[in-house]
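In: sequence and predicted structure below; questions after.
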Amino acid sequence: MTGSTKRSSEAAGVDGPVAEIGPPDVAFGEPSARKSRWSWIGLVASVAIFVASAFVLWRTAHTISAADVFAALGRVSGGQLGLAMLLVAVSYLLLTGYDFLALRQMRVKVPYRTTALASFTSYAVSFTLGFPLLTSGTVRYWIYAPHGVRAPQIASLTVIAGITFWLGMGVVLAWSLMTQAGAISLLAHTSIFINQLVGLLTACAVIGYLVWVSLKHRYVAVKGWRLELPGLRLSLGQMALGAGDACAAAGVLFVLLPDGHGVNFATFLAIYVCACMLGIVSHAPGGIGVFEATMLVALSSLPGSQVLGALLLFRLCYYLLPFLLALALLGGYEIVKRLKSGRDNLCDDSGGAAGSELRREAP
């Protein structure tokens, strides 16, 4: 680890440097046999979740007619759609804060408009196409590289953004499970004790992490690079930001549910977060199929056609429309960049030609 990669935390007025990037540490060698076994277990679990979800969707499709789904879509009001789109905007606005916090702690100065563009487009693309490390990392590098952000810093930013997401999800899940254990048990046919226990364990994990990073600087290895994790103050900010994003995203689907469903938002949050987590574990792009199956099972007390209609609109509002907007923004960004580059080259050529002409005319 070279000393040049470190920054003074006192000079910045915040917690210690989040990302200390250096050459691969000797301790981080080839994956051990234990890690290999865990990889296989994770793969098997992902496939099992996806197959089970596919079965649930197949079974549900045989009990719901297309006419019922279209009728449910027709009953969604313009007010519901307008509120859903507003919450989509709030969620993606909060997502830009993920990159903003990470760059601030890495002492990398990038204009917020660039941060917002990179964050929005990278998330919109990765949410739809999946493989976030590849898709979001590529988009981020494309936009951040001209501002001097190096590939290892992109990796660091991705790690910190992931921590923000999981801290937010964790605190929302813990609060919902512990405060709404009874309502969740009636809705999802689970045990009140299990709900409270899972909520308590999740809260302990979040608190334990906060205590762990507050005691001293903590490091993690990512692809052989040694990165310093955020301190307590930044972690609390990440937790609040991630929780706000989770609530806004859950609100999109909540307002699209049929009127009179009788589910309060606090109860719905736990179901939404669990569905998101299962979708992530399955490694399906955007959790597609797994997320829908989990929501259909958890909300089985509601009319299936109306829930499915709300899920289809949720995919449209939160995934497809932002994805199309992101593609348009990336195309516009590339066009503007090329036009600017061509103009600069033309000015350089014109300046060089004028200089040569003056030298020829000089006595």
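Out: It's in.
In: what ranges do the helices span in the stretch 101-250 of the chain?
Out: For the stretch 101-250 of the chain, applying DSSP state H, counting those that start in this stretch gives helices covering 112-129, 132-144, 151-179, 181-188, 192-215, 232-256.
In: can you lay out those helices as a markdown table showing distance to Gly97 and mean pLDDT?
Out: Heads up, the C-betas are built off the backbone N, CA and C, glycines and all. Converted to a markdown table, these look like this (distance: least, CB to CB, whole Å; pLDDT from 0 to 100):
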| stretch | distance to Gly97 | mean pLDDT |
| --- | --- | --- |
| helix 112-129 | 8 | 92 |
| helix 132-144 | 15 | 87 |
| helix 151-179 | 8 | 90 |
| helix 181-188 | 29 | 86 |
| helix 192-215 | 19 | 94 |
| helix 232-256 | 5 | 94 |
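In: nearest to Gly287, of these?
Out: helix 112-129 (9.0 Å; CB to CB).
In: ok, and what's touching the closest one?
Out: Helix 112-129 has contacts (CB atoms under 8 Å, 6 or more residues apart in numbering) with 92, 95-96, 98-100, 103, 132, 135-137, 139-140, 143-144, 147, 285-286, 318-320, 322-323, 325-327, 329-330, 333.
In: so which of the helices of the stretch 101-250 of the chain comes closest to Leu86?
Out: Smallest distance to Leu86 across the helices of the stretch 101-250 of the chain (CB to CB): 9.1 Å, for helix 232-256.
In: which outside residues touch the helix or strand just after the closest one?
Out: Next in sequence after helix 232-256, counting helices and strands by DSSP states H and E, comes helix 265-282. Identification of contacts with helix 265-282 by CB under 8 Å, 6+ apart yields 42, 45-46, 49-50, 53, 169, 172-173, 175-177, 179-180, 183-184, 187-188, 195, 246-247, 249-251, 253-254, 286-291, 294-295, 298-299.
In: of the residues you listed, just the buried ones, PyMOL syntax please.
Out: To isolate the buried subset of the contacts of helix 265-282 in PyMOL, counting by 16 or more other CB atoms under 10 Å, use the following:
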select buried, resi 46+49+50+53+169+172+173+175+176+177+179+180+183+184+187+188+195+246+247+249+250+251+253+254+286+287+288+289+290+291+294+295+298+299
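In: same list (the helices of the stretch 101-250 of the chain) but as CSV, adding distance to Leu87.
Out: CSV is the format used below for the helices of the stretch 101-250 of the chain (distance: least, CB to CB, whole Å):
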stretch, distance to Leu87
helix 112-129, 15
helix 132-144, 22
helix 151-179, 15
helix 181-188, 22
helix 192-215, 24
helix 232-256, 4
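In: and of those, who's closest to Gly79?
Out: helix 232-256 (8.8 Å).
In: where does the stretch 201-350 of the chain have low pLDDT?
Out: Within the stretch 201-350 of the chain, the segments meeting pLDDT under 70 span 222-225, 344-350.
In: ok, now with 80
Out: Along the stretch 201-350 of the chain, the parts satisfying pLDDT under 80 run over 221-228, 260, 282-286, 341-350.
In: how close does Gly78 sit to Met85?
Out: Separation of Gly78 from Met85 (CB to CB, to the nearest Å): 11 Å.
In: please disregard the earlier target; I meant Ala188.
Out: Distance from Ala188 to Met85, by CB to CB: 28 Å.
In: now Tyr123
Out: On the measure of CB to CB, Tyr123 and Met85 end up 17 Å apart.
In: neighbour count for the two, which is higher?
Out: Tyr123 (27 against 15; other CB atoms under 10 Å).
In: how near is the more buried one to Pro303?
Out: 32 Å.
In: what do you get for Ser341?
Out: Separation of Ser341 from Pro303 (CB to CB) stands at 56 Å.
In: neighbour count winner among the two?
Out: Applying other CB under 10 Å to Ser341 and Pro303 shows that Pro303 carries more neighbours, namely 15 against 10.
In: I'd say the more buried one and Ala71 touch.
Out: No - the pair Pro303 / Ala71 is not scored as a contact, 10.3 Å apart, by CB atoms under 8 Å.
In: can you count the residues close to the closest residue to Leu210 other than its chain neighbours?
Out: With sequence-adjacent residues excluded and distances taken as CB to CB, 6 or more residues apart in numbering, Leu210 is closest to Ser235, at 5.6 Å. A count of neighbours around Ser235, defined by other CB under 10 Å, yields 24.
In: also the one 3 residues further on?
Out: A count of nearby residues for Gln238, using other CB under 10 Å, gives 24.
In: now Phe120
Out: When neighbours are counted by other CB under 10 Å, Phe120 registers 20.
In: could you do His261 as well?
Out: 16.
In: isn't it right next to Leu302, touching?
Out: Yes - using CB under 8 Å, His261 is in contact with Leu302, at 5.4 Å.
In: pull the number of nearby residues for Tyr112.
Out: With other CB under 10 Å as criterion, Tyr112 counts 12.
In: neighbouring contacts of stretch 152-168?
Out: Identification of contacts with stretch 152-168 by CB under 8 Å, 6+ apart yields 18-19, 21, 98-99, 101-103, 105-106, 108, 132-133, 136-137, 140-141, 144, 149, 206, 209, 220, 222-223, 225, 227, 229-230, 235, 238-246.
In: having no further points to raise, I will conclude here.
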